[in-house]
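**Q** got a predicted model here, sequence first, then my questions.
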Amino acid sequence: KTKDAAIIFRNTVLYNLAFIVLGTAAAVATAILLGEVKKKKLLKIYQTSILLPHILSTAVIAYLAFAFLSKDSGFLNNGIIKPLGGEAISWYSKPKYWPFILTFIQLWRSVGYTTIMYYATLVGIDTSYYEAAVIDGASTWDQIRYITLPLLHNTLCTCLVLAITGSLKVFDLVYVMTNGGPLHATEVPGTLMYSAIFQKNQYGYGSAIAVFIVLECVLFTFASRWLMNRVFGDDRETKTSRRKGGR
């Protein structure tokens, strides 16, 4: 039991950090890039393309992954590795690859939805801010840092909470694709709880894991809120009211 707890704790922390940090960064960057697209037809194509993975079922995503990763018929082995003179890799039996594979697939299927939320906020930003910044000689990075990101504060907080809950609900993807394997490389609390309750009839152990999942969700929620306030700070009205209250 101690070994199982150590594995799921390690995987939970690392996967959640990867999903949240990389997912947020990728979504914000993609939304900013979408804001630079001026042609409406291209914009619709890009929006549809990045949103499509989000509406695909987990079974379809697992099948697409198998089409790429299968040792005998996968595209990576037959289309890239073998033509270059390499030996076929048995992806589904190599634990060292799966933390990266699972992170990539989760980001691929979840980033599109969050990107649309960020993009909707960016569209509503008054362009006069950017026009004034250009007149003052601000670079593109300065505009992103001092205008775009601060004005995305509320949306960032909302999407961060959604990213946390989404990362904690990665059970379906892990269970369908690897069932926690190979060699527990992708084991998460959800798969361990499912195995304990429905396969081994260990109801007490499964209930303990469920409590751990709830506590984990609460911890990550408060930690993310604290981090957002540290990075962007409270808004001016909140700071002003605090100063007045202190007086």
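**A** Ah, there it is. Numbering: from 1, shown residues only.

**Q** against which helices or strands is the host helix or strand of residue 222 packed?
**A** Here residue 222 sits within helix 203-232, counting by DSSP states H and E. Helix 203-232 makes packing contacts with helix 2-17, helix 153-168, helix 189-194 when contacts are defined by 3 or more Cβ pairs under 8 Å, 6 or more residues apart in numbering; DSSP states H and E. Heads up, the C-betas are built off the backbone N, CA and C, glycines and all.

**Q** buried ones in that helix?
**A** Buried positions in helix 203-232, judged by neighbour count with 16 or more other Cβ atoms under 10 Å: 205, 206, 209, 212, 213, 216, 217, 220, 224, 228.

**Q** same check, this time on stretch 183-192
**A** Using 16+ other Cβ under 10 Å as the test for burial, stretch 183-192 gives 184, 185, 186, 187, 188, 189, 190, 191, 192.

**Q** likewise stretch 126-144?
**A** By neighbour count, with 16+ other Cβ under 10 Å as the criterion, the buried positions of stretch 126-144 are 133, 138, 143.

**Q** closest to residue 154 out of those residues?
**A** residue 143 (19.0 Å; Cβ to Cβ).

**Q** mind checking the SS state of the closest residue to the closest one other than its chain neighbours?
**A** Spatial nearest neighbour of residue 143, excluding adjacent residues (Cβ to Cβ, 6 or more residues apart in numbering): residue 133 at 5.0 Å. The three-state label for residue 133, taken from DSSP: H, G, I helix; E, B strand; the rest coil, comes out as helix.

**Q** next: residue 73.
**A** Using three-state DSSP as the criterion, the local structure at residue 73 reads coil.

**Q** separation between it and residue 229?
**A** In this structure, residue 73 lies at 50 Å from residue 229, with Cβ to Cβ, to the nearest Å as the measure.

**Q** so what's residue 121 up against?
**A** Neighbouring residues of residue 121 by Cβ atoms under 8 Å, 6 or more residues apart in numbering: 151, 152, 154, 155.

**Q** for PyMOL, what selects the buried ones among those?
**A** If you want just the buried ones from the contacts of residue 121 in PyMOL, going by 16+ other Cβ under 10 Å, the selection is:
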select buried, resi 151+152+155
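
**Q** okay if I get the contacts of residue 121 as CSV plus pLDDT and distance to residue 129?
**A** Formatted as CSV, the entries for the contacts of residue 121 read as follows, by pLDDT from 0 to 100; distance: Cβ to Cβ, whole Å:
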residue, pLDDT, distance to residue 129
151, 90, 8
152, 88, 13
154, 83, 16
155, 87, 16
